[in-house]
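compute the structure for the input listed below.
(one chain, ligands or ions: 1)
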Amino acid sequence: MQSETPRPKAEIDWLTGFLIRHRWLLVVPVLLPLSFVFELLMSVRDFYVRTLRHAPKKHDARVRDIQEQIRRWQENGSKGRLCTARPPWMSISTRMVKYKRPENSIHIPLYDILSLDIERRVVRVEPRVTVGQLTAYLVPRGWTLPVVPELNDLTVGGLYVGYGIEVSAHKYGLFSESVQSCDVVLGDGRLVHASPYEDAGLFNALPWSQGSLGFVVAMEIAIIPAARFVHLTYHPTHSIKEACELMQREACRDNPAEFVEGMLFSPREGVVTTGVFADTAVPGKIHHANRWYAPWFASRSRRFIAAGGGDEFIPLTHYYQRHVRGMYWESELIVPFGNRPWFRYLLGWMMPPKISFLRLTQGERIRRYYDEKHVVQDALVPVEHMEKTVCYFDRIFEAYPVWLCPMRVNRKSPRGFVNPDGRAWGDRPKKPSKRPRSGVPTMAWPVGPTLNENKHEMYVDVAVVAVPGPIFRGEDYNAMDGVRGMEQFLLEHRGYQALYSVTQMSADEFRRMFDCTLYDQVRHRYGLDNVFMDVYEKVRLT
Ligand SMILES: Cc1cc2nc3c(=O)[nH]c(=O)nc-3n(C[C@H](O)[C@H](O)[C@H](O)COP(=O)(O)OP(=O)(O)OC[C@H]3O[C@@H](n4cnc5c(N)ncnc54)[C@H](O)[C@@H]3O)c2cc1C
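Numbering: from 1, shown residues only. Sure thing, here's the model as predicted:
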């Protein structure tokens with residue numbers, strides 16, 4: 001399953017090889033201190049905003065300014081199609097963004113947590129609030145988000161209209177399903193409120209739309225009670241089949257664990273972890289996974305294979321941030337000795353470098369290397385195809401570790417492009433949702449339910465974030481061919497590609513993979529064709 005026109009083999013010249021192998025020469029002395037100082041300044045700013053400024057009042061003024069920018073764009077002849085002014089290097093994505101220009105870029109300086117409503121169990125936030133900022137705000141107050149993506153720098157706006165997943169998604173679905181309502185500035189400058197009860201079409205179309213329907217300026221996200229610890233059990237596995245069967249069993253069981261995660265280190269070595277909330281911990285079994293001197297989570301988990309399994313208690317915030325320093329396992333490619341004890345104790349407190357700084361300084365050679373020799377892809381497949389998918393990825397990429405994360409898809413009222421039953425979207429939910437009386441929690445999903453197969457289908461995110469094996473062996477291998485094979489495989493198995501990365505699919509294939517019915521209706525209804533780029537234009541390989 002290769003692309004029709006054979007792609008030229010991608011050779012690595014000596015200079016690129018040198019820059020990749022020795023990237024740490026720039027990262028350790030320059031980018032790590034810069035990242036650390038930047039984080040420090042941001043926390044001072046957060047403190048200042050939260051304590052000394054009244055964010056909600058400023059919020060309205062900031063939204064008016066966004067509307068004003070759109071009006072100015074119209075008055076100036078509507079040049080180019082609108083997009084956010086966020087510089088591409090700041091975004092946690094592998095796409096090359098070439099369409100941002102001063103005349104079509106809208107500044108969205110919305111970085112604040114607006115309010116916490118315990119009675120309705122929602123937190124109201126601006127879209128540039130980061131996962132790290134929100135976790136630091138909610139957890140000490142006894143609350144958390146149902147789905148907490150792991151990298152601190154991910155923004156709630158990007159996770160909502162882009163892609164957001166975590167190891168609780170088998171209970172709650174993608175991050176976007178936790179969003180209860182939002183405010184959107186449309187292409188004509190109007191501000192609308194969208195929820196399952198108002199402008200439901202727009203609300204349901206926003207996930208996966210990548211900013212092509214409007215600018216989200218505020219969101220209400222569901223919250224759930226937090227506990228102090230996650231009691232985590234490590235289950236070793238010794239084959240792809242065993243790992244996939246265990247993942248499926250754990251994700252689909254009655255009252256599943258709060259967290260189910262799989263990591264395959266090779267076809268014969270894997271760990272599946274299951275975690276439940278716990279308010280107390282067994283002394284001597286507490287592991288602070290995100291302490292700067294702690295071994296990175298993935299490589300430490302691997303040790304449980306030889307040990308035959310085990311369990312421990314991880315403080316909740318440490319659990320959420322368990323992959324932060326190792327960036328799953330990416331940090332090892334950038335600072336090869338970063339997980340050695342001497343480095344962790346000496347400089348581990350500065351890890352990881354900010355992804356945005358890495359992107360800003362990568363230069364053309366490293367960028368090309370990442371395009372051609374490095375795979376960062378999330379593939380969503382129905383859980384019954386998990387084993388076949390992992391075996392296929394083993395053949396086309398041979399890239400480990402592989403990350404497995406089960407995810408529930410809503411079959412009855414899906415959001416975004418994911419519509420596994422292939423039923424056309426209605427513009428409204430089939431039975432119009434009744435607005436809950438005030439004081440009633442607005443959560444769209446029940447908490448801790450048994451999987452209801454009429455309402456949900458279990459999918460799994462199979463993520464490859466690695467350099468494929470043939471490259472390590474010095475073979476002439478172009479990872480883009482592997483990605484093309486992956487896309488074809490997903491088309492044949494009711495799968496979906498996460499769109500933070502570039503897609504090589506044709507427009508026709510894209511529309512076979514994703515159900516754009518509702519999306520098209522909404523774009524048509526609001527006259528957005530000449531205002532925002534179509535999502536395919538944004539994510540295709542150019
Ligand atoms: C190395 C790497 C690691 C990753 N790890 C994880 C992970 O652990 N968990 C996870 O869930 N995902 C992960 N992702 C994927 C990531 O979640 C998505 O790329 C996400 O969409 C990026 O969010 P961002 O905050 O960088 O937003 P951006 O990239 O800035 O935005 C994403 C999209 O949303 C649009 N957008 C942003 N804000 C608005 C707004 N206010 N209004 C309208 N449109 C808007 C942008 O135009 C863009 O198209 C990872 C990706 C990479 C490359």
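
gap between residue 187 and residue 522?
11 Å (Cβ to Cβ, to the nearest Å). For the C-beta atoms, the positions are set from N, CA and C on the backbone; glycine is no exception.

who touches both of those two?
residue 528 (Cβ atoms under 8 Å, 6 or more residues apart in numbering).

what is the burial count for the residue in the stretch 351-500 of the chain that the ligand sits nearest to?
Using Cβ to the nearest ligand atom, the single residue of the stretch 351-500 of the chain nearest to the ligand is residue 500, 2.8 Å away. Using other Cβ atoms under 10 Å, residue 500 has 21 neighbouring residues.

now swap in residue 265 and tell me
Neighbourhood size, residue 265 [other Cβ under 10 Å]: 17.

now swap in residue 395 and tell me
9.

tell me which element it falls in.
Per DSSP states H and E: residue 395 is located in helix 386-396.

show me what that helix is in contact with.
Contacts of helix 386-396 (Cβ under 8 Å, 6+ apart): 240-241, 243-245, 247-248, 264, 267, 379, 381, 399, 402, 404, 460, 462, 464, 481-482, 485-486, 489, 493, 495.

take these and keep only those in helices.
When DSSP state H is applied, the contacts of helix 386-396 are split such that 240-241, 243-245, 247-248, 481-482, 485-486, 489 fall in helices.

name the residues of the stretch 151-300 of the chain found near the ligand, please.
151, 154-155, 157-159, 161-165, 210-211, 215-216 (Cβ under 6 Å from any ligand atom).

between those, which is nearest residue 76?
residue 215 (17.8 Å; Cβ to Cβ).

leaving aside the residues next to it on the chain, what's closest to the closest one?
Excluding its sequence neighbours, the residue lying closest to residue 215 (Cβ to Cβ, 6 or more residues apart in numbering) is residue 185, at 4.5 Å.

what are the phi and psi values for residue 142?
The phi/psi pair for residue 142 (degrees, to the nearest 10) reads phi 90, psi 10.

next one: stretch 123-131 to chain centre, how far?
Taking Cα atoms, centre = their mean, to the nearest Å, one finds the center of stretch 123-131 at 15 Å from the center of the full chain.

that should have said stretch 176-193, apologies.
20 Å.

what's the pLDDT at residue 425?
Listed pLDDT for residue 425 reads 45.

for the stretch 1-150 of the chain, what lies in contact range of the ligand?
84, 86, 91-94, 108, 127, 149-150.

report the beta-bridge partners for residue 540.
Per DSSP bridges, the residues bridged to residue 540 are residue 503.

quick one: contacts for it?
502-505, 507, 510.

buried subset of the contacts of helix 386-396 as a ChimeraX selection?
Buried residues among those (16 or more other Cβ atoms under 10 Å), as a ChimeraX selection:
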select :240,243,244,247,248,264,267,379,381,399,402,404,460,462,464,481,482,485,486,489,495
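
can you give me the strands for the stretch 101-250 of the chain?
Shown for the stretch 101-250 of the chain, the strands assigned by DSSP state E, counting those that start in this stretch span residues 105-106, 113-117, 122-125, 143-144, 179-185, 191-194, 215-222, 224-225, 229-237.

what count of nearby residues applies to residue 507?
Residues near residue 507, counting by other Cβ under 10 Å: 11.
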